[in-house]
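# Prediction below, plus the sequence it came from.
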Amino acid sequence: YRNMANSHYEYVKKFEISDPCLLNCWPVVRIDGKNFHKFSKLHKFKKPNDDRALNLMTKSAESVMNMCHDIVVSYGQSDEYSFVFKKSTATYNRRASKLSSVVVSQFSSAYVFHWKDFFPDQELLYPPAFDSRVILYPSDKNMRDYLSWRQVDCHINNLYNTCFWSLVHSGMTPFTAQDELKGTLASDKNEILFSKFGINYNNLPQLYRKGTVLIREKADVNSSGNDDEEPISEAMDADLNDSKKRKLRKPITALNTDVIGDEFWKKHPHVLN
Ligand code: ATP
Ligand code: ATP
Ligand code: MG
Ligand code: MG
Ligand code: MG
Ligand code: MG
């Protein structure tokens, strides 16, 4: 078989550009649903927040983390998820195109695979697509600021969408609702929600306001007998049978918590190490 590969066509391989992620940096892959404005409408997502859709996103993200053990933390909101690889990852020799493509394809196929469990009464009408990109963060601060940026985005969009859909559900046309909210500050939106709809924004579920963080629990001392166990390498992974793998796998926890302040990072220091 080796000889078959050594044909005079093989020079074309040299056209491939190596695209390694710079050493010492945190590789982050972010995926985002393609045209989910339309997808959510066609599949009758509850507005502004459909729990089924958010939970399906998280299920798909867990599938990605179970495929790749070098992902240390993930953050999701709306139709997007970010996956942070450990700084020293050697997965796919750090090739950006490989990391990006394997994450987004695993995510997409898991989304379709699990659809019926989350939407038992809504047929999947067409195969959805997700885009993906890789971003490299050279410092812990940059990586944390990235996650903070996504969480602030979640908050800003959720505050706006909650106002917008409250106005629309109360009978306003989408156009008028948009006009009503043009130029308003966060404080104005909080006031509209409270005075017109009796909604205290801060009492809405954290799932909507904060998004979802996925982390791995620290290795279970009882199951592995070694708290400092090395992560399973790819080669080793292939040699282990499924039940052994399941035992070594650290359970993934979903949190709807703040990642902007220090508390989260102090509570889960192993994420950064
Ligand atoms: P693009 O292809 O550029 O990403 P898009 O239509 O997906 O276009 P986004 O900015 O990604 O644009 O916005 C995602 C859209 O999906 C939003 O309009 C949002 O309302 C909708 N959406 C995503 N998740 C949910 C959900 N859980 N519940 C209700 N709507 C959702
Ligand atoms: P990697 O993740 O590195 O790509 P791989 O196991 O997918 O690992 P490939 O070199 O891509 O390795 O080889 C694909 C494998 O899938 C081959 O071993 C081949 O036997 C099997 N395969 C793919 N398509 C078919 C098919 N139509 N019928 C039978 N076997 C197939
Ligand atoms: Mg977009
Ligand atoms: Mg999108
Ligand atoms: Mg989006
Ligand atoms: Mg293959």
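Yep, that arrived. Ligands and ions are numbered 1, 2, ... in the order given.
# all strands for the protein, in order.
Counting by DSSP state E, the chain has these strands, from start to end: 26-33, 71-77, 80-85, 130-137, 212-216, 252-255.
# For the ones you listed, give me a markdown table that also has mean neighbour count.
To be clear about C-beta, it is placed using only N, CA and C from the backbone, and glycine gets the same treatment. As requested, those are arranged in a markdown table below (neighbours: other C-beta atoms under 10 Å):
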| stretch | mean neighbour count |
| --- | --- |
| strand 26-33 | 23 |
| strand 71-77 | 24 |
| strand 80-85 | 24 |
| strand 130-137 | 17 |
| strand 212-216 | 22 |
| strand 252-255 | 15 |
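# would CSV of these with mean pLDDT and distance to ligand 1 be doable?
Rendered in CSV, the data for the strands of the chain read as follows (pLDDT from 0 to 100; distance: least, C-beta to the nearest ligand atom, whole Å):
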stretch, mean pLDDT, distance to ligand 1
strand 26-33, 98, 5
strand 71-77, 98, 8
strand 80-85, 99, 6
strand 130-137, 98, 7
strand 212-216, 97, 11
strand 252-255, 98, 15
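# out of those, nearest to Lys189?
When these are compared for distance to Lys189 using C-beta to C-beta, the nearest one is strand 71-77, at 17.8 Å.
# near ligand 5, which residues of this protein show up?
Proximity of the chain to ligand 5 (C-beta under 5 Å from the ion) is limited to residues 32, 78-80.
# Verify the stated contact: Leu255 with Gly211.
No - Leu255 lies out of contact with Gly211 (C-beta atoms under 8 Å); the separation is 9.8 Å.
# State the distance from Asp140 to Thr91.
Here the criterion is C-beta to C-beta, to the nearest Å. By it, Asp140 lies 20 Å from Thr91.
# how about the helices in the protein?
Read by DSSP state H, the chain holds these helices, from start to end of the chain: 2-5, 36-42, 51-67, 96-118, 140-169, 174-181, 186-197, 206-210, 221-224, 234-239, 242-248, 263-267.
# Restrict stretch 175-192 to CA atoms and write it as CSV.
This file holds the C-alpha atoms of stretch 175-192, laid out as CSV (Å, rounded to 0.1, in the frame of the first residue of the first chain):
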residue,chain,number,x,y,z
PHE,A,175,-40.9,47.4,12.8
THR,A,176,-42.5,49.6,15.5
ALA,A,177,-40.8,47.6,18.2
GLN,A,178,-37.4,48.0,16.6
ASP,A,179,-38.1,51.7,16.3
GLU,A,180,-39.2,52.0,19.9
LEU,A,181,-35.8,50.4,21.0
LYS,A,182,-33.6,52.5,18.7
GLY,A,183,-31.0,54.4,20.8
THR,A,184,-32.2,53.1,24.1
LEU,A,185,-29.6,52.4,26.9
ALA,A,186,-29.5,49.3,29.0
SER,A,187,-31.2,51.2,31.8
ASP,A,188,-34.0,52.3,29.5
LYS,A,189,-34.6,48.6,28.4
ASN,A,190,-34.6,47.5,32.0
GLU,A,191,-37.2,50.2,32.7
ILE,A,192,-39.4,49.2,29.7
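# how about it, does it get close to ligand 1?
No - counting by C-beta under 6 Å from any ligand atom, ligand 1 has no neighbours in stretch 175-192; the shortest distance is 13.1 Å.
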